[in-house]
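Peer 1: Model the following, please.
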Amino acid sequence: MSIMGVLTRNEFLKMRKRRAFWVTLALFSAIALLGLGEDFVDALREGTDAYAFPNLWGEVLGEPTQIVAIFGTVALLLLISSEFAWRTARQNVIDGLTREQWYWGKAITVLLVATAFLGLYLVIGGGFGIAATDFGGPEPIMHGYQARALGAVVLSVAGYGALALLIATIVRSTGGAMAIWFFYVAFGESLIRNGIARVWEGSAPYLAYAPVAVFDALRDYLMFDPAALARVAERMQEAGRPAPEPGDPGTLALVAGGWIVLLVLGGFLAFRRRDL
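Peer 2: Below is the predicted model of the structure:
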């Protein structure tokens, strides 16, 4: 078996045996079921086909996927930072892994956790879609632009995971890492952007590409669905409010990919500079 296969197997076994992972996944499942279930019942009551395929993706993708990023990140912080507190990282190196192999194993954990949480979310949403869909019609299950929206969500969740990896490997304390991550996502980046904007008046176009801002912008479903964008714009204009202006998905995806690489490499460099 290749080293990547060994690392993937090791991380999968660790993840499977951690109660914290399963508790987080169970809480996430309950919230996803309640949230999507309520919207599904409302759609049935109103007699709409909002939860039938392929319309389902307009309801499931986009902003609702924020819970995937949040709960997935909590699971990652619990899994990774605890290895320092419990000396598991040190023991793994003593048992034969190099420091580099251990770290790249954590990068694989990011992918495993993202797959678990996003996959479960799509299964829950897809279950409601199956219940609401008459599969005898000509409509496909997913249009191409909806597949691109899903790909953007995957990139967004991976970005949040890369940020969690960086913070966990630097802080090495579960409570501290979680506090710093939540502060940065909820307030920190906005405070930094506002501070820079006060000093540099022409910085606004560049500040929109800060990491969390980009990861969040990727979950804007309106970027991919012109018909949905037109409906929202019409409602906004009737209310006397400006129409939404989604970003460019190609540019956002490119910038997000760059941030993910920088965050992962930054965590690697910080990890190598300190003892286990």
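Peer 1: so what's the residue lying closest to residue 222 once chain neighbours are set aside up against?
Peer 2: The shortest distance from residue 222 to any non-neighbouring residue, by Cβ to Cβ, 6 or more residues apart in numbering, is to residue 229 (4.4 Å). No exception for glycine: its C-beta is placed from N, CA and C like everyone else's. Neighbour list for residue 229: 222-223, 244, 246 [criterion: Cβ atoms under 8 Å, 6 or more residues apart in numbering].
Peer 1: Could I get the average pLDDT for the helix or strand hosting residue 126?
Peer 2: Assigned by DSSP states H and E, residue 126 belongs to helix 99-132. The average pLDDT for helix 99-132 rounds to 94.
Peer 1: shaky segments in this structure?
Peer 2: Within the chain, the stretches with pLDDT under 70 are 1, 276.
Peer 1: give the contact list for the residue positioned nearest the centre of the chain.
Peer 2: Centrality entry for the chain: nearest residue to the mean C-alpha point is residue 157, 1.7 Å, by Cα atoms, centre = their mean. Going by Cβ under 8 Å, 6+ apart, residue 157 touches 65, 68-69, 72, 114, 117-118.
Peer 1: ok, now residue 109?
Peer 2: With Cβ under 8 Å, 6+ apart, residue 109 has these contacts: 11, 14-15, 76, 79-80.
Peer 1: so can I have a markdown table of these showing secondary structure and distance to residue 138?
Peer 2: Conversion of those to a markdown table gives the following (DSSP: H, G, I helix; E, B strand; the rest coil; distance: Cβ to Cβ, whole Å):
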| residue | secondary structure | distance to residue 138 |
| --- | --- | --- |
| 11 | helix | 43 |
| 14 | helix | 46 |
| 15 | helix | 41 |
| 76 | helix | 42 |
| 79 | helix | 45 |
| 80 | helix | 47 |
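Peer 1: Tell me which two of the residues you listed sit farthest apart.
Peer 2: 14 and 76 (12.2 Å; Cβ to Cβ).
Peer 1: Which residue of these two possesses the greater neighbour count?
Peer 2: residue 76 (30 against 17; other Cβ atoms under 10 Å).
Peer 1: Just list the residues touching that one, thanks.
Peer 2: Residues near residue 76 by Cβ under 8 Å, 6+ apart: 109-110, 113, 161, 164-165, 168.
Peer 1: got a markdown table for these, with distance to residue 33 too?
Peer 2: Putting these into a markdown table (distance: Cβ to Cβ, whole Å) gives the following:
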| residue | distance to residue 33 |
| --- | --- |
| 109 | 25 |
| 110 | 25 |
| 113 | 19 |
| 161 | 23 |
| 164 | 24 |
| 165 | 28 |
| 168 | 28 |
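Peer 1: just to revisit the earlier point, give me the next element, helix or strand, following the helix holding residue 126.
Peer 2: Using DSSP H and E, the helix or strand that follows helix 99-132 in sequence is helix 144-171.
Peer 1: Please tell me how far that next one is from the chain's geometric centre.
Peer 2: 4 Å (Cα atoms, centre = their mean, to the nearest Å).
Peer 1: now do stretch 219-234
Peer 2: In terms of Cα atoms, centre = their mean, the centre of stretch 219-234 is set 21 Å apart from its chain centre.
Peer 1: Same check on stretch 31-47?
Peer 2: Its chain's average C-alpha position is 22 Å from that of stretch 31-47, according to Cα atoms, centre = their mean.
Peer 1: List the buried residues for it?
Peer 2: For stretch 31-47, a neighbour-count test (16 or more other Cβ atoms under 10 Å) marks 32, 36, 39-40, 43 as buried.
Peer 1: Restricting to C-alpha, output it in PDB.
Peer 2: In PDB, the C-alpha atoms belonging to stretch 31-47 read as follows (Å, rounded to 0.1, in the frame of the first residue of the first chain):
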ATOM      1  CA  ILE A  31     -30.000  20.300  12.900                       C
ATOM      2  CA  ALA A  32     -29.900  19.500   9.100                       C
ATOM      3  CA  LEU A  33     -33.000  17.300   9.400                       C
ATOM      4  CA  LEU A  34     -34.900  19.900  11.400                       C
ATOM      5  CA  GLY A  35     -34.000  22.800   9.100                       C
ATOM      6  CA  LEU A  36     -34.500  21.100   5.800                       C
ATOM      7  CA  GLY A  37     -37.500  19.100   7.100                       C
ATOM      8  CA  GLU A  38     -39.200  22.300   8.100                       C
ATOM      9  CA  ASP A  39     -38.700  23.800   4.600                       C
ATOM     10  CA  PHE A  40     -39.800  20.600   3.000                       C
ATOM     11  CA  VAL A  41     -43.100  20.600   5.000                       C
ATOM     12  CA  ASP A  42     -43.700  24.300   4.100                       C
ATOM     13  CA  ALA A  43     -43.100  23.500   0.400                       C
ATOM     14  CA  LEU A  44     -45.700  20.600   0.600                       C
ATOM     15  CA  ARG A  45     -48.200  22.800   2.500                       C
ATOM     16  CA  GLU A  46     -47.900  25.600  -0.100                       C
ATOM     17  CA  GLY A  47     -48.200  23.100  -3.000                       C
END
